[in-house]
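In: test case, fold it:
(one chain, ligands or ions: 2)
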Amino acid sequence: MSDCRVLVQILKRCTTSWDSKTVAKTHARVIVLGYATYPSLAASLISTYAHCHQPHKAHHVFSRVMNLFNMNLVIENLVKSGECDIAKKMFDKTPVRDVVTWNTIIGGYVKNSRFLDALSFFRGMMNAKVEPDGFTFASVVTGCARLGSFCNAEWVHCLMVEKRVELNYILSAALVDMYAKCGRIDVSKQVFESVVRDHVSVWNAMINGLAVHGLALDATAVFSRMELENVLPDSVTFVGILKACSHCGLVVVGREYFEMMQNRFLIRPQLEHYGTMVDLLGRAGHLEDAYSMVKAMSVEPDVVIWRSLLSACRIHGKKELGELAIANISRLESGDFVLLSNMYCSFKNWHGAERVRQRMKKGGVRKKRGKSWIEFGNSIHQFNAADQSHAEMKAIYRVLEGLMQRAKLEGFTPLTDLVLMDVSEEEKEENLSFHSEKLALAYSVLKSSPGTKIMISKNLRICQDCHNWIKIVSRILNREIIVRDRIRFHQFEGGFCSCGDYW
Ligand SMILES: [Zn+2]
Ligand SMILES: [Zn+2]
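Out: Numbering: from 1, shown residues only. Ligands and ions are numbered 1, 2, ... in the order given. Here you go, the predicted model:
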């Protein structure tokens, strides 16, 4: 077996070095050692040949795989290592496909965050008249949840009812989670009330859903019901409850649950619990307490914890503690650079910001790009920051311009501090104006009829500038606007947001 692993390692190296001689030699070695039918090695060979621009050889290896069982395993190995496109090519070459083949490709695409593709495979499966099972639906429901696509969510759920799919706790929890993530906490609650609730996962999905909607009191009420229905909370339950408290700034309640978790349920806090507590305390302005918690942790604080602390320092202008957090971040990722840079910018320390920018440039770290998407007319429209690629871009920018002017008349001032670097005020404002959620909102306004609800999903946290602006737009247009960001839902109506400006 160790031979096998060595061969996989060699092949992996060849995918970047494009050393076709070594690939050929290794391939020969695989055959000599009798490993040619091993799915993991076949997958490695296929992926290496594909990367070395030898697709015919990749296909040849696949065609030698004995049976459907092993072909499925090869595809599974490919998607597991993130090679979705190569997996798809092999999938297309599979002469017969059973439910496992479809499940492998659909599940693999969902795991690699390719949700739209996963859904189109699922449609292909329906067209091919292959009967989906519980595993298929578990993947598809997860995909709909991550997309936040209510239309698809409803369709998939209807199919499940139609096909009389029996709900186990995994599917029940996935459905509760799906509707919550699609912005429909009402339907999520209905599903929760209608299913068997003897497994903690179902409760965790409900509590987490309520947490991202900022409904902390409902989350704690559900927690209390667990005892009545004889379900023991686990460590995930407490992550949800603490998150709910954190989103609403419920410091005292959060502390109580944190104590209860350890003393009554004997659950040792893990990184995620500490992280949420640091976030809760920090954002509420209890920075010393947050720092004490970090120091008293029974496990080594990770980069997420320091980042929470740093982020709180930025909000509350605590420069020294912020620098200390930075010093402690050993694995510097792009997010930390951006935070640090933003922190310097908000203290108007342009020199510090420049230093960080140079480091980012040198290290090749780029800011993660913001993207937002909306569902309209049965398809999903995606926007990147300062996007120019959409077919109706001109009209979108015109609407955006108009909304910007009207918002300014209503007293809106762009928060220019949030933009990296000391560029001229006007330029800064321009950068902010084209954040992806603003483009998505302008497109929704352009396309939908007045008065209808608008729902936008975003991959990052919404910035303060967009938040302020959307509040005002919701009042100007007299429309309900919902934004699902990386952390939670914001429901804008009549100039206010459901998060109460606390997120
Ligand atoms: Zn923004
Ligand atoms: Zn909000």
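In: and for the residue of the stretch 151-300 of the chain found nearest ligand 2, the neighbour number?
Out: Of all residues in the stretch 151-300 of the chain, the one sitting closest to ligand 2 is residue 214 (8.0 Å; C-beta to the ion). Heads up, the C-betas are built off the backbone N, CA and C, glycines and all. The number of residues packed near residue 214 is 22, by other C-beta atoms under 10 Å.
In: do residue 413 as well
Out: 11.
In: what about it, which helix or strand?
Out: Assessed by DSSP states H and E, residue 413 sits outside every helix and strand.
In: which SS class is residue 382?
Out: Put simply, residue 382 is strand when judged by DSSP: H, G, I helix; E, B strand; the rest coil.
In: then the one 4 residues further on?
Out: The three-state assignment at residue 386 reads coil, by three-state DSSP.
In: which residues in the stretch 301-450 of the chain form helices?
Out: 303-316, 319-328, 334-346, 350-363, 393-409, 425-433, 436-447 (DSSP state H, counting those that start in this stretch).
In: okay, those in TSV with mean neighbour count, mean pLDDT and distance to residue 233 next?
Out: Converted to TSV, those look like this (neighbours: other C-beta atoms under 10 Å; pLDDT from 0 to 100; distance: least, C-beta to C-beta, whole Å):
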stretch	mean neighbour count	mean pLDDT	distance to residue 233
helix 303-316	22	84	23
helix 319-328	17	82	31
helix 334-346	20	66	31
helix 350-363	14	74	41
helix 393-409	15	93	44
helix 425-433	15	55	42
helix 436-447	23	94	35
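In: can you redo the ones you listed as TSV with distance to residue 167?
Out: Converted to TSV, the helices of the stretch 301-450 of the chain look like this (distance: least, C-beta to C-beta, whole Å):
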stretch	distance to residue 167
helix 303-316	34
helix 319-328	44
helix 334-346	38
helix 350-363	48
helix 393-409	42
helix 425-433	45
helix 436-447	34
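In: just put these in JSON lines and tack on distance to ligand 1.
Out: JSON lines is the format used below for those (distance: least, C-beta to the ion, whole Å):
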{"stretch": "helix 303-316", "distance to ligand 1": "16"}
{"stretch": "helix 319-328", "distance to ligand 1": "22"}
{"stretch": "helix 334-346", "distance to ligand 1": "12"}
{"stretch": "helix 350-363", "distance to ligand 1": "18"}
{"stretch": "helix 393-409", "distance to ligand 1": "13"}
{"stretch": "helix 425-433", "distance to ligand 1": "6"}
{"stretch": "helix 436-447", "distance to ligand 1": "6"}
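In: on that earlier part again, who are the contact partners of the residue of the stretch 151-300 of the chain closest to ligand 2?
Out: Contacts for residue 214 (C-beta atoms under 8 Å, 6 or more residues apart in numbering) come out as 244, 247-248, 488-489, 498-500.
In: one more time with 10 Å, if that's ok
Out: By C-beta atoms under 10 Å, 6 or more residues apart in numbering, the contact list for residue 214 reads 185, 244, 247-248, 488-491, 497-500, 502-503.
In: try residue 122
Out: Contact analysis of residue 122 by C-beta under 10 Å, 6+ apart lists 102, 105-106, 109-110, 132, 136-137, 139-140, 143-144, 152, 155-156, 159.
In: for it, give its distance to residue 376.
Out: 21 Å (C-beta to C-beta, to the nearest Å).
In: in this protein, where is pLDDT below threshold?
Out: Residue ranges of the chain with pLDDT under 70: 1-2, 329-340, 342-343, 346-347, 360, 363-368, 416-431.
In: which one of the helices of the stretch 301-450 of the chain lies closest to residue 127?
Out: helix 436-447 (28.8 Å; C-beta to C-beta).
In: summarise which helices and strands that closest one is packed against.
Out: When contacts are defined as 3 or more C-beta pairs under 10 Å, 6 or more residues apart in numbering; DSSP states H and E, helix 436-447 packs onto strand 371-376, strand 379-384, helix 393-409, strand 454-458, helix 464-476, strand 481-484.
In: for residue 345, find the nearest of the ones you listed.
Out: helix 464-476 (12.7 Å).
In: hmm, the closest one touching ligand 2?
Out: No. Residues of helix 464-476 contacting ligand 2 under C-beta under 5 Å from the ion: none, with a closest distance of 5.5 Å.
In: so for that helix, what gets flagged as buried?
Out: Residues 465-475 are the ones in helix 464-476 that count as buried (16 or more other C-beta atoms under 10 Å).
In: so what's residue 212 closest to, chain neighbours aside?
Out: residue 488 (4.5 Å; C-beta to C-beta, 6 or more residues apart in numbering).
In: that neighbour touches residue 247, doesn't it?
Out: Yes. Counting by C-beta atoms under 10 Å, residue 247 is a contact partner of residue 488 at 5.6 Å.
In: domain ranges for the protein, per the record?
Out: What the record gives for the chain is the domain set 197-268, 294-368, 372-497, from automatic domain parsing.
In: which bits of this protein sit near ligand 2?
Out: So the chain meets ligand 2 at 490, 497, 499 (C-beta under 5 Å from the ion).
In: then the first one would be within a strand, right?
Out: Read that as residue 490. Yes. Under three-state DSSP, residue 490 sits within a strand.
In: how many other residues sit next to the closest residue in space to it that isn't next to it in sequence?
Out: Nearest non-adjacent residue to residue 490, counting by C-beta to C-beta, 6+ apart: residue 483, 4.6 Å away. Other residues near residue 483 number 25, with proximity taken as other C-beta under 10 Å.
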